[in-house]
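Asker: need a 3D model of the following:
(chains A, B, C and D)
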2 protein chains.
Amino acid sequence: MDRLNLLSFAPFRLNRLATEFSNALAADYARFGIDIPEWRVLATLGQHEGPRSAAYVVRCTRTHKSRISRAVSHLIELGLLERQESGDDRREIMLQLTTQGRATYAELVPILLEREAKLLSGLSEAQRRDFDRLLEVLEESLGLARRGEE
Amino acid sequence: MDRLNLLSFAPFRLNRLATEFSNALAADYARFGIDIPEWRVLATLGQHEGPRSAAYVVRCTRTHKSRISRAVSHLIELGLLERQESGDDRREIMLQLTTQGRATYAELVPILLEREAKLLSGLSEAQRRDFDRLLEVLEESLGLARRGEE
DNA sequence: CGCATAAAGTTGCAACTGCAACAAGCAGAG
DNA sequence: CTCTGCTTGTTGCAGTTGCAACTTTATGCG
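Answerer: Predicted coordinates:
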């Protein structure tokens, strides 16, 4: 009979690793009172100068629109974000970071990049390239390709 | 100012990949009416002949004990598992698959192994070895080492 | 125009999760 | 023996999540 060792089973391992990564980051966000989906919204809008629609954020982050909607509401409560009506399509709601939102983004980014570096610090330079390449291949074959929405 | 591209950010990518993997597997479990934590219990007990305690399952799966507790209850309802008292420590509850539980395990394992193979099918043989090695290194540096509880 | 269809966001709901508190049982010190 | 503290497993609770239904607005077809 086939057996299966959970600790060698790729989906399980990946899941556990991702959870560990997420928890490590959560500690960083927590200082600013935000969680993962909220960080994703912040990160997406922080990359650009101008406003973007919620649908754009949904596409970029590959996160469910209800989660984005709630994250946006909370960021607004925190004063990091504001909604503004779109001129040409009144269904669309354009999102833009406030000054405080930009400040938070600027403060958070170096912290998170450092956290990422620490999480990957066990890997050699070559391994880091392998890692990147592997993620790319797997994303590609799962239809999560990094194309589009830049 | 530092910027951060979410799509290049390892924690985000890992998270998305793991979610995708999990969802793919969930479709397989669903046929048997079980979910991820339940599968983990099944997988852990299926590897052995004899009974094991819930704490053992917790350690093997690195899953919170409340989750395991609820998973166990459900598996019992489904008739896949039974509890039996431990002789020497009456706090411990030993868990053992029923005949039906073993049958489900035997049926599920090949399906899941095939699913895993499909998810990794984009990788060459060499890349698969790299992948395994990278997971090992990252697990190691996060204290998720594969040692113990075999 | 008028109708059907589709997209953008929001929200209610039910399911799931983790934490902390808990009951029951064990183990060691004095 | 008994008191304290630890471990095992369960459960209440509050927070989070995804899905589906819904509102509002746009679009396409006849």
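Asker: which parts of chain A sit against DNA strand C?
Answerer: Proximity of chain A to DNA strand C, by C-beta under 7 Å from any atom of the strand, involves residues A:53-55, A:58, A:65-66, A:68-70, A:72-73, A:83, A:89, A:91-94. To be clear about C-beta, it is placed using only N, CA and C from the backbone, and glycine gets the same treatment.
Asker: name the residues of the helix or strand harbouring residue A:96 that come out as buried.
Answerer: Using DSSP states H and E, residue A:96 maps to strand A:93-97. Neighbour-count burial for strand A:93-97 flags A:93-97 (criterion: 16 or more other C-beta atoms under 10 Å in any protein chain shown).
Asker: same deal with stretch A:32-45?
Answerer: Counting neighbours by 16+ other C-beta under 10 Å, one finds that the buried residues in stretch A:32-45 are A:32, A:34, A:36-45.
Asker: ditto for stretch A:72-81
Answerer: Buried residues in stretch A:72-81 (16+ other C-beta under 10 Å): A:72, A:74-75, A:78, A:80-81.
Asker: tell me which residue lies nearest the centroid of chain A.
Answerer: residue A:40 (3.8 Å; C-alpha atoms, centre = their mean).
Asker: rounded mean pLDDT for the next helix-or-strand element following the strand holding residue A:96, please.
Answerer: Using DSSP H and E, the helix or strand that follows strand A:93-97 towards the C-terminus is helix A:99-119. Averaging pLDDT along helix A:99-119 yields 96.
Asker: after helix A:99-119, next one along is what?
Answerer: Following helix A:99-119 in sequence, per DSSP H and E, is helix A:125-141.
Asker: what comes up buried for that next one?
Answerer: Those would be A:127-128, A:130-131, A:134-135, A:137-139, for helix A:125-141 by 16+ other C-beta under 10 Å.
Asker: and chain B, which of those residues reach it?
Answerer: With C-beta under 8 Å from any C-beta of the partner chain as the criterion, the buried residues of helix A:125-141 include A:127, A:130-131, A:134-135, A:137-139 near chain B.
Asker: farthest pair within the residues you listed?
Answerer: Greatest spatial distance among these (C-beta to C-beta): A:127 and A:139, at 18.2 Å.
Asker: how about low-confidence regions in chain A?
Answerer: Scanning chain A for pLDDT under 70 picks out A:146-150.
Asker: make it 90
Answerer: For chain A, residues meeting the criterion pLDDT under 90 lie at A:1-3, A:49-50, A:85-89, A:142-150.
Asker: near DNA strand D, which residues of it show up?
Answerer: Checking chain A against DNA strand D by C-beta under 7 Å from any atom of the strand, the hits are A:35-37, A:63-64, A:66-67, A:70, A:88-91.
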